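Asker: Can you look at this prediction? I've put the sequence above it.
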Amino acid sequence: MSPIRLLAAGLTLMLTWTLAPARPLDAIQKSGKIIVATEGQYPPYNFFEGAKLTGFEIDLAEAVTKKMGLAIEWKTLAFDGLLTGLAQDRWDLVIAGHAVTDERAKAVTFTQPHFCGGGVIVSTKTPIASSQELIGKTISVQTGTTFLDEAQKLQGVKGVKNYPQDTDARAALLGGRVDAWVTDPAVARAALSTAEGKSLKMGGMLFIEHNAAAVAKDNASLAQAFNQALTELLANGEYAKLSQRYFKTDIRCRR
C-alpha cells in the first residue's frame with residue numbers, strides 16, 4: 001500500500017457519504033464486532049497466504065481492536081473501492097496502506113498514522129536514483145494510489161500505465177512492458193526477496209508519506225478509540241515486534 005494512494009473519484013465519495021450514517025463507537029461496542037475492510041493484495045501489508053488473510057496491517061488491526069475489546073469481521077475488495085464503501089457505511093474502518101492526503105481527508109477521517117512509507121523507483125537493469133532519470137521512460141503504478149498521482153506530475157516521462165493491483169504493475173516491469181515501477185519500499189523489498197524478483201533493482205525515493213487507517217467522515221469516537229489503542233501498542237513494544245517481524249525494522253512515523 002505503502003502504497004501512496006489517491007481517490008479516483010473523491011467527489012463521488014463525498015456525495016455518497018450521506019447514504020447511511022456511520023456506526024459510532026458505542027454501537028460497535030454493543031455489537032462486539034467491528035467490520036474492517038482491506039485489499040488483501042498488497043504484501044507485506046495485507047495479503048493472502050492460501051485462504052488466510054495476513055500481513056502487517058492485518059496483525060496490527062487485530063491487536064488494536066483486541067485492545068478495544070472487539071472482534072473483527074474482515075472484508076476484502078479492490079483498493080479503489082475501499083474508501084467509497086466506507087463512505088457508504090458498508091464497513092466501519094479501512095486499513096490498506098492509504099496515504100493521508102488533503103483530498104482524501106475531505107471524504108474520510110484518518111486515524112493516527114500507523115507507518116511512514118512513500119514511493120520508491122524499481123527497475124530491472126540499473127537502479128534509477130531520481131525522478132530526473134525517469135525522463136523518457138514508462139512507469140507502472142497501481143490505480144487509485146498516490147503513486148499514480150505523483151507519477152502523473154513528473155515532467156518528461158514517456159508514459160504512466162496504471163493497473164488494478166500493485167502486483168500487476170510489478171508484472172508489467174518484469175514483463176518488459178515498462179521501464180520502472182513505483183511502489184512502497186517494503187513492498188519492493190518483499191518483491192526483491194522472491195525468485196522472480198531477483199532481477200529487480202531498488203532505486204531512489206520519489207516521495208515520502210504518512211499512512212493511516214480511515215473511518216467515516218467525522219466518526220470521531222471510533223477514530224479516538226483506535227488512536228488510543230494504537231498509542232498503547234506503540235508504547236508497550238507490541239508495534240515494534242510486529243514491525244520487526246515483517247520489515248526487520250521499525251516503520252513507525254518519527255515526525
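Answerer: Here it is on my side, so go on.
Asker: From here on, just use CA atoms for contacts and neighbour counts.
Answerer: Noted.
Asker: Would you mind listing the buried residues in stretch 213-223?
Answerer: Taking 16 or more other Cα atoms under 10 Å as the neighbour-count basis, stretch 213-223 is seen to contain the buried residues A213, A214, V215, A216, K217, N219, A220, L222, A223.
Asker: cool, and stretch 42-49?
Answerer: For stretch 42-49, a neighbour-count test (16+ other Cα under 10 Å) marks Y42, P43, P44, Y45, N46, F47 as buried.
Asker: Can you give me every residue that contacts the second one?
Answerer: By that I understand P43. Taking Cα atoms under 8 Å, 6 or more residues apart in numbering as the criterion, P43 is in contact with G55, V187, A190.
Asker: Just the buried ones among the residues you listed, please.
Answerer: Buried positions within the contacts of P43, assessed by neighbour count (16+ other Cα under 10 Å), are G55, V187.
Asker: R177 is in contact with I139, correct?
Answerer: No - using Cα atoms under 8 Å, I139 is not in contact with R177; the gap is 9.1 Å.
Asker: So for those two, which residue has more residues nearby?
Answerer: For I139 versus R177, neighbours defined as other Cα atoms under 10 Å are more numerous around I139 (27 against 14).
Asker: and the nearest residue to M68 once chain neighbours are set aside, how many neighbours?
Answerer: Distance criterion Cα to Cα, 6 or more residues apart in numbering; nearest residue to M68, sequence neighbours excluded, is A229 at 6.5 Å. Other residues within reach of A229 by the criterion other Cα under 10 Å amount to 17.
Asker: Least confident secondary structure element in this structure?
Answerer: Each helix and strand of the chain was given a mean pLDDT (mean pLDDT, DSSP states H and E); the minimum falls on helix 10-16 at a mean of 39.
Asker: Report the next helix or strand after it in sequence order.
Answerer: The first helix or strand that comes after helix 10-16 along the chain, using DSSP states H and E, is helix 25-31.
Asker: Output that following helix as CSV, restricted to C-alpha atoms.
Answerer: What follows is the C-alpha trace of helix 25-31 in CSV, where atoms were taken according to Å, rounded to 0.1, in the frame of the first residue of the first chain:
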residue,chain,number,x,y,z
LEU,A,25,-18.2,3.6,18.8
ASP,A,26,-20.9,2.8,21.3
ALA,A,27,-23.0,1.0,18.6
ILE,A,28,-19.9,-1.0,17.5
GLN,A,29,-19.1,-1.9,21.2
LYS,A,30,-22.7,-3.0,21.7
SER,A,31,-22.4,-5.4,18.8
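Asker: Can you spell out which helices and strands pack onto it?
Answerer: Using 3 or more Cα pairs under 8 Å, 6 or more residues apart in numbering; DSSP states H and E as the contact criterion, the secondary-structure elements in contact with helix 25-31 are helix 220-236.
Asker: Pull the residues that contact the helix it packs on.
Answerer: 24-25, 63-65, 67-68, 109-112, 114, 214-215, 239-240.
Asker: ditto for stretch 156-167
Answerer: Contacts to stretch 156-167, defined as Cα under 8 Å, 6+ apart, come from residues 41-42, 78-79, 134-143, 148, 151-152, 169, 183.
Asker: buried residues in it?
Answerer: Buried residues in stretch 156-167, defined by neighbour count with 16+ other Cα under 10 Å: V157, G159, V160, K161, N162, Y163, Q165, D166, T167.
Asker: which phi and psi does the second one have?
Answerer: I take that to be G159. Backbone geometry at G159, expressed as degrees, to the nearest 10, gives phi -180, psi 160.
Asker: Find the nearest non-adjacent residue to K67, please.
Answerer: By the measure of Cα to Cα, 6+ apart, the closest residue to K67 outside its immediate chain neighbours is A229, 5.9 Å from it.
Asker: element containing V120, please.
Answerer: Counting by DSSP H and E, V120 is found in strand 108-123.
Asker: What count of nearby residues applies to the spatially closest residue to S123 that is not a sequence neighbour?
Answerer: Counting by Cα to Cα, 6+ apart, A180 is the residue found nearest to S123 once chain neighbours are left out, at 4.7 Å. Neighbour count for A180, taken as other Cα under 10 Å: 31.
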